[in-house]
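Asks: Any chance you could fold what I've pasted below:
(one chain, ligands or ions: 2)
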Amino acid sequence: MTQFVTLLEDEAATVALGKQMAGAMTPPLTVYLNGDLGAGKTTFSRGVIQHLGHQGAVKSPTYALVESYEIKGIDVFHFDLYRVADPEELEFMGIRDYFTPNSICLVEWPENGCGLIAEADLQIYISYKGEQRQISIEATTELGQKLVSKLK
Ligand code: ADP
Ligand code: MG
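Replies: Ligands and ions are numbered 1, 2, ... in the order given. Here you go, the predicted structure:
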């Protein structure tokens, strides 16, 4: 398994790592973001989405479950499944249809995906280290390995 672990000193460092990784991201790609509330999953996603080319704000998709962006012909879907109580909600929104050959999917709280979401290429774990954060990025596919091997 290819793994990259580093300390993120502050919010800016979290955004910067997201931006760095976005530079090598191409569809189809699925990234699972694991970590407690407030760990920095949305902050990291903001770095990714803005570096891919989205100019506006990046809202947390907590209530909508998904925020969709079309960036330079690529679909970017940012999920937050924290609130999902029943797999039927996911069936109802047609969640499987978001994972296409042309999409990059970032998924917060993937354990609430009830087996209806694509397998991850990357598993990201963010944890509290005092005021700072530790991030661990694990490749779970060959595509994911390409991304992780670029990190230093
Ligand atoms: P999540 O989506 O995991 O619930 P958010 O990204 O919404 O978390 O919020 C993370 C919070 O922690 C924000 O207030 C942000 O400023 C802060 N934060 C993000 N990264 C770091 C970091 N590396 N060190 C310290 N604070 C951070
Ligand atoms: Mg969040």
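Asks: Could you measure from the residue nearest the centre of the chain over to residue 39?
Replies: Closest residue to the average C-alpha location of the chain: residue 106 at 3.0 Å, with C-alpha atoms, centre = their mean. According to C-beta to C-beta, to the nearest Å, residue 106 stands 14 Å off from residue 39. For the C-beta atoms, the positions are set from N, CA and C on the backbone; glycine is no exception.
Asks: Please apply the same query to residue 53.
Replies: Separation of residue 53 from residue 39 (C-beta to C-beta): 25 Å.
Asks: Neighbour count: these two, which is higher?
Replies: residue 39 (21 against 13; other C-beta atoms under 10 Å).
Asks: Report pLDDT for that one.
Replies: We have a pLDDT of 98 for residue 39.
Asks: got the contact list for it?
Replies: 126, 127, 128, 133 (C-beta atoms under 8 Å, 6 or more residues apart in numbering).
Asks: Please verify my assumption that the second one contacts residue 34.
Replies: If I follow you right, that is residue 127. No - using C-beta atoms under 8 Å, residue 127 is not in contact with residue 34, being 9.0 Å away.
Asks: Mind checking which of these two has more residues around it?
Replies: Comparing residue 127 with residue 34 by other C-beta under 10 Å, the one with more neighbours is residue 34, at 18 against 14.
Asks: Good, wrapping up.
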